[in-house]
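*Asks:* sequence plus the predicted model coming up.
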Amino acid sequence: SMMKKEDHINYWKSSAQENWDMAIFCIENKKYLESLFFLNLTIEKLLKANWVRDNFENTPPLTRDLEKIHSDTMLGKDEEWRDFYLVISSWNLETRYPDYKNTLRKLATKSYIENHLIKINVLRGWLLSRI
């Protein structure tokens, strides 16, 4: 049978939760660079869950541009989050070159993570609350 809209939303939501759990696991095990990657995926997938909720289609665009996904939802203006989306996007390691990963690895300290985790959790909670 065809998946209903709710099923698609739940797919993105549960996938985001798995990524969040993995991010926390990485942080606890001092794998800070890897945790950034999973934090990035968490927010991307929650934005996609919101996208599915707010659009007729059930398949969000393939883009990884967080601001673009946000702008195609009913989440409202994203001034508050725009700069943070750029930061989070910089944690996407899939398409990054080795020299970029090394730069990010130096940046990805315990304090860097802790400084961003509270804000990430606020954003995560807000995106979840609207689904």
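*Replies:* That came through, no problem.
*Asks:* nearest spatial neighbour of residue 78, skipping sequence neighbours?
*Replies:* If the residues on either side of it in the chain are set aside, residue 78 comes closest to residue 70, at 4.7 Å by CB to CB, 6 or more residues apart in numbering. Heads up, the C-betas are built off the backbone N, CA and C, glycines and all.
*Asks:* cool, and residue 46?
*Replies:* Per CB to CB, 6+ apart, closest to residue 46 is residue 127, 3.9 Å.
*Asks:* any idea how far the helix or strand harbouring the one you found is from the middle of the chain?
*Replies:* Using DSSP states H and E, residue 127 sits in helix 110-129. Per CA atoms, centre = their mean, to the nearest Å, the displacement of helix 110-129 from the mean C-alpha position of its chain is 10 Å.
*Asks:* can you point out the buried residues in it?
*Replies:* 113, 116-117, 120, 123-124, 127 (16 or more other CB atoms under 10 Å).
*Asks:* show me what it packs onto, helices and strands only.
*Replies:* helix 5-28, helix 32-54, helix 79-89 (3 or more CB pairs under 8 Å, 6 or more residues apart in numbering; DSSP states H and E).
*Asks:* same thing but 10 Å
*Replies:* Under the contact criterion of 3 or more CB pairs under 10 Å, 6 or more residues apart in numbering; DSSP states H and E, helix 110-129 touches helix 5-28, helix 32-54, helix 79-89, helix 98-107.
*Asks:* what mean pLDDT does that helix get?
*Replies:* Taken as a whole, helix 110-129 has a mean pLDDT of 95.
*Asks:* again with stretch 56-73
*Replies:* The model assigns stretch 56-73 a mean pLDDT of 94.
*Asks:* quick one on the thing from earlier: which residues touch the residue nearest to residue 46?
*Replies:* Applying CB atoms under 10 Å, 6 or more residues apart in numbering to residue 127 gives the contacts 13, 16, 42-43, 45-50, 70, 73, 75, 81.
*Asks:* tell me which of the helices and strands packed on helix 110-129 is the most buried.
*Replies:* Stretch with highest mean neighbour count among the helices and strands packed on helix 110-129: helix 32-54 (a mean of 23; mean count of other CB atoms under 10 Å).
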